[in-house]
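Asks: Requesting a structural model of the entry that follows:
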Amino acid sequence: MTIFEAYNDCKRQLQAAGIEEYVFESKQIIRHITGYTNAQILTKYTQSLSNFQRDNLTAIIKQRLIRYPLQYIIGKWNFFGREFFVGPGVLIPRSDTETLIDVCLESIKKTENPRVLDLCAGTGCIGITIKGERNDARVTLVEKFDEALTYTNKNVAHNNVDVNIVKGDVLKTEGADGPYDLIVSNPPYINDSDMSTLQPEVTFEPTTALAGGSDGLDFYRHITKEYKQYLSKYGTLAFEVGINQADAVAEIMKENGFLNVQTRKDYCEIDRVVFGTVD
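Replies: Residues are numbered from 1 along each chain as shown. As a prediction, the model looks like this:
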């Protein structure tokens, strides 16, 4: 079986299984099993796969056909131009969250040596990216669960950034000492009724990183109320939010005295980020 034949077979099977991004995923799988770049694949498409590569391809396709996340299969994923290790027990970084990074970087653009607190850090993709983009930032990542902390630590080392990692429960307001110029969080925000209708791939991700209470807003209420005191003068609080949650989260922030509350759309034109400042 050549690389080209393997790619077409992979596409066929993933498409038949109802996987929407079967073309993109097939390319990622071929890259993974061959170790080639896209450009190399184009020049070596008639090359035959080794027995090991064929067995690896078969195993990967079997996992995807049961809708096990491709990111977990590969073991790492790209976010904002950086590579992050992922696996069972941690939320997979998504391109939606890159909008949150843009907002965060804008908020500290004029601040020297900004102090940043990343709550519900998971892989650490938010805090690590901010530190990578602003080396003078002093960043603290807070994560509660040991499984996720394993990836937080691996990704900090892999991306060679100097940040502070704290094991703490955000709902107990742990991990903060302040004052911070920016507090950012992509918290669990799926409501109870939607937890039963998740895409098959999402069901493999940790419930603790998804479930946000009966209306999905538990973390927003707590963080907005309890962490406000840790913001510096004119400091920013920025959230990623779920679909149709922006107005509710904005209202929570306004009720707690935040000013200049705004929303920002992601690449799919969905209101994805809500942020505001203190006076």
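Asks: Skipping adjacent residues, who's closest to Cys268 in space?
Replies: Closest residue in space to Cys268, ignoring its immediate chain neighbours: Asp96 at 7.5 Å, by Cβ to Cβ, 6 or more residues apart in numbering. C-beta here means a position set from N, CA and C on the backbone, and glycine is covered the same way.
Asks: Look at that neighbour and say how many residues are nearby.
Replies: Taking other Cβ atoms under 10 Å as the neighbour definition, Asp96 ends up with a count of 18.
Asks: Repeat that for the one 5 residues further on.
Replies: Close neighbours of Ile101, defined as other Cβ under 10 Å, add up to 21.
Asks: Compute the distance between it and Gln28, please.
Replies: Shown here: Ile101 relative to Gln28, a distance of 22 Å by Cβ to Cβ, to the nearest Å.
Asks: next one: Ile130
Replies: Using Cβ to Cβ, we find Ile130 at a distance of 26 Å from Gln28.
Asks: More neighbours: these two, which one.
Replies: Ranked by neighbour count (other Cβ under 10 Å), Ile130 and Gln28 place Ile130 first, with 25 against 20.
Asks: isn't that one right up against Arg138?
Replies: No - here Ile130 lies out of contact with Arg138, judged by Cβ atoms under 8 Å, at a distance of 10.4 Å.
Asks: Show me where the stretch 1-150 of the chain has its strands.
Replies: Secondary structure of the stretch 1-150 of the chain, counting by DSSP state E, counting those that start in this stretch: strands at 76-79, 82-85, 115-119, 138-143.
Asks: quick one, the longest one and strand 115-119 angle?
Replies: Using axes from the mean of the first three to the mean of the last three Cα atoms, to 10 degrees, the inter-axis angle of strand 138-143 relative to strand 115-119 is 10 degrees.
Asks: for strand 138-143, packing partners?
Replies: Taking 3 or more Cβ pairs under 8 Å, 6 or more residues apart in numbering; DSSP states H and E as contact, the helices and strands that strand 138-143 lies on are strand 115-119, helix 125-133, helix 146-158, strand 164-167.
Asks: for the third one, same thing?
Replies: When contacts are defined as 3+ Cβ pairs under 8 Å, 6+ apart, strand 115-119 packs onto helix 125-133, strand 138-143, strand 180-185.
Asks: Redo these as a markdown table? Include distance to Gln47 and mean pLDDT.
Replies: A markdown table is the format used below for these (distance: least, Cβ to Cβ, whole Å; pLDDT from 0 to 100):
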| stretch | distance to Gln47 | mean pLDDT |
| --- | --- | --- |
| helix 125-133 | 34 | 98 |
| strand 138-143 | 42 | 98 |
| strand 180-185 | 45 | 98 |
